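J.: Here's a sequence, model it:
(one chain, ligands or ions: 3)
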Amino acid sequence: MDHEGEAKRTDLMTITRFVLNEQSKYPESRGDFTILLNHIVLGCKYVCSAVNKAGLAKLLGLAGETNVQGEEQKKLDVLSNEVFVNALISSGRTCLLVSEELEEAVFVKPKQRGKYIVVFDPLDGSSNIECGVSIGTIFGIYAAKDKDKVTLDDVLQPGNRMLAAGYCMYGSSCMFVISTGHGVNGFTLDPSLGEFILTHPNIKIPKKGNIYSVNEGNAKNWEKPITEYVDNCKFPQDGSSPKSLRYVGSMVADIHRTLLYGGIFMYPADKKSPDGKLRLLYEVFPMSYLLEQAGGQAFTGKGRALDLVPKKIHERSPVILGSYEDVEHVKAFYAASKANGA
Ligand SMILES: O=P(O)(O)OC[C@H]1O[C@](O)(COP(=O)(O)O)[C@@H](O)[C@@H]1O
Ligand SMILES: [Mg+2]
Ligand SMILES: [Mg+2]
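T.: Ligands and ions are numbered 1, 2, ... in the order given. Just a heads-up that it's a prediction; the model follows:
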């Protein structure tokens, strides 16, 4: 047993300590953000344990309801949603919530109100629940201009107005990855302590990767630039070696790998889904925010994803995000296609 590691672990940088250190850099913060984040972290720990024992606790399968997206809700979708709505309201730091699983936004009662707006996907990758493949939770945080006069306009804001974003991945280990606008940091849940410990400080995505990630099952409906880009990944024109295909089908897992290994993840527009599949507020914006903070970029096929202004809370948007140079490569195919009048 190498005590070196154990000894080093005594400087345990928990997520609370980390955020408190961060907050101390900003005199205006009174710890409200730390309290909000602690409640999000608590929700993630609860969902993590529910996911781990889902088969034992009869939490697999359908809940018997359909959500606003027309998707059959899984029991874990419903449970996770309840957990986060309760945790966020009981934090006393939120005034408006938008969840993938709720048709309407939740306006928090005056007595329990705080200045933050949280948009979230309580359980991402639901199609992978039953087979035990990594799934997650995604969130983004805005601030309301005036918590007592908060309206939907306060959340129908471009992603570049977000104050923070993150995800929690329920996989071989439970990872919490967050940015508050000063880089991206990853924390691993230590089940023996019940604490998220800083294990991936200051994550920087490689400038270029050798992985592409897309559901090729949609290939027949793709726009020309995507078809050309994916062909080039398989049969590179410049003599470089082909890229490897990796696609989990859980955005959290595909993004987590992309952040650490580099490469590109795409859920582009296609003839069948002109707006793609992923939801702008609580999937595309948070992940685009993290990618940009890690040195990558996020493109919609038309422009920078974070500059989009949502019109509806469950709006969808195409997204192509990952290593800076790889996304630049896709942009070149779009520009060429545009120049050829497509
Ligand atoms: O099965 P498809 O069409 O490739 O879609 C996979 C995508 O859908 C999602 O599962 C949608 O998210 P939800 O599971 O939260 O609805 C993403 O996680 C994933 O990237
Ligand atoms: Mg999702
Ligand atoms: Mg979901």
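
J.: anything in stretch 61-81 near ligand 2?
T.: No - using CB under 5 Å from the ion, stretch 61-81 stays clear of ligand 2, with a minimum separation of 9.5 Å. In this view, the C-beta of every residue, glycine as well, is placed from N, C-alpha and C.

J.: Quick one: residues contacting Val133.
T.: 125, 248-250, 253 (CB atoms under 8 Å, 6 or more residues apart in numbering).

J.: measure it to ligand 3 for me?
T.: Going from Val133 to ligand 3 by CB to the ion, to the nearest Å gives 14 Å.

J.: try Ser250
T.: In terms of CB to the ion, Ser250 sits 9 Å off from ligand 3.

J.: Could you do Gly64 as well?
T.: 17 Å.

J.: Would you enumerate the residues in contact with that residue?
T.: Counted by CB under 8 Å, 6+ apart, Gly64 has contacts Gln73.

J.: SS state for it?
T.: strand (DSSP: H, G, I helix; E, B strand; the rest coil).

J.: Doesn't Gly301 lie inside a helix?
T.: No - per three-state DSSP, Gly301 lies outside any helix segment and is coil.

J.: For it, which non-adjacent residue is spatially closest?
T.: Pro318 (5.0 Å; CB to CB, 6 or more residues apart in numbering).

J.: before we move on, back to that, among the contacts of Val133, which one sits closest to Leu189?
T.: Ala253 (15.8 Å; CB to CB).

J.: ok so the closest one is a helix residue?
T.: Yes - counting by three-state DSSP, Ala253 is part of a helix.

J.: what's the burial count for the closest residue to it other than its chain neighbours?
T.: The shortest distance from Ala253 to any non-neighbouring residue, by CB to CB, 6+ apart, is to Ser134 (3.9 Å). Per other CB atoms under 10 Å, the neighbour tally for Ser134 reads 23.

J.: residues in contact with Val184?
T.: Counting by CB under 8 Å, 6+ apart, Val184 has contacts 177-178, 202-203, 259, 290, 293-294.

J.: repeat that for 6 Å
T.: 203, 290, 293-294 (CB atoms under 6 Å, 6 or more residues apart in numbering).

J.: residues in this structure within reach of ligand 2, list them.
T.: So the chain meets ligand 2 at 121, 124 (CB under 5 Å from the ion).

J.: who are the neighbours in contact with the residue of the chain found nearest ligand 2?
T.: Relative to ligand 2, the nearest point of the chain is Asp124 (3.4 Å; CB to the ion). Counting by CB under 6 Å, 6+ apart, Asp124 makes contact with 136, 138, 251-252.

J.: Okay, it and Gln157: tell me how far apart.
T.: Using CB to CB, to the nearest Å, Asp124 is found at 21 Å from Gln157.

J.: Please say whether there is contact between stretch 72-79 and ligand 3.
T.: No - residues of stretch 72-79 are not located near ligand 3 by CB under 5 Å from the ion, the shortest gap being 6.0 Å.

J.: Can you pull out the residues in contact with that stretch?
T.: 50, 59, 61-63, 65-67, 101, 123, 126, 129.

J.: again with stretch 260-273
T.: 205-206, 209, 211-214, 218, 221-222, 226, 254, 258, 276-278, 301, 318-323, 326.

J.: Restricted to strands, list the residues you listed.
T.: When DSSP state E defines the strands, the subset of the contacts of stretch 260-273 inside them is 211-213, 319-322.

J.: so which two of the residues you listed are the farthest from each other?
T.: Ile211 and Val319 (16.5 Å).

J.: which one of the two has more residues nearby?
T.: Just comparing Ile211 and Val319: by other CB under 10 Å the higher neighbour count belongs to Val319, 27 against 21.

J.: Get me the contact residues on the stretch 201-342 of the chain for ligand 1.
T.: Listed as neighbours of ligand 1 in the stretch 201-342 of the chain under the rule CB under 6 Å from any ligand atom: 215, 249-251, 277.

J.: now these: which count as buried?
T.: Buried subset of these (neighbour count, 16 or more other CB atoms under 10 Å): 249-251, 277.

J.: For the residue of the chain closest to ligand 2, what are phi and psi?
T.: phi -100, psi 140 (degrees, to the nearest 10).

J.: is it in a bridge, and if so with what?
T.: Beta bridges link Asp124 to Gly136, judged by DSSP bridges.

J.: The closest residue in space to Ala57 that isn't next to it in sequence sits in which helix or strand?
T.: Closest residue to Ala57 apart from its sequence neighbours, by CB to CB, 6+ apart: Ala50 at 7.0 Å. Ala50 is part of helix 32-52 when elements are defined by DSSP states H and E.
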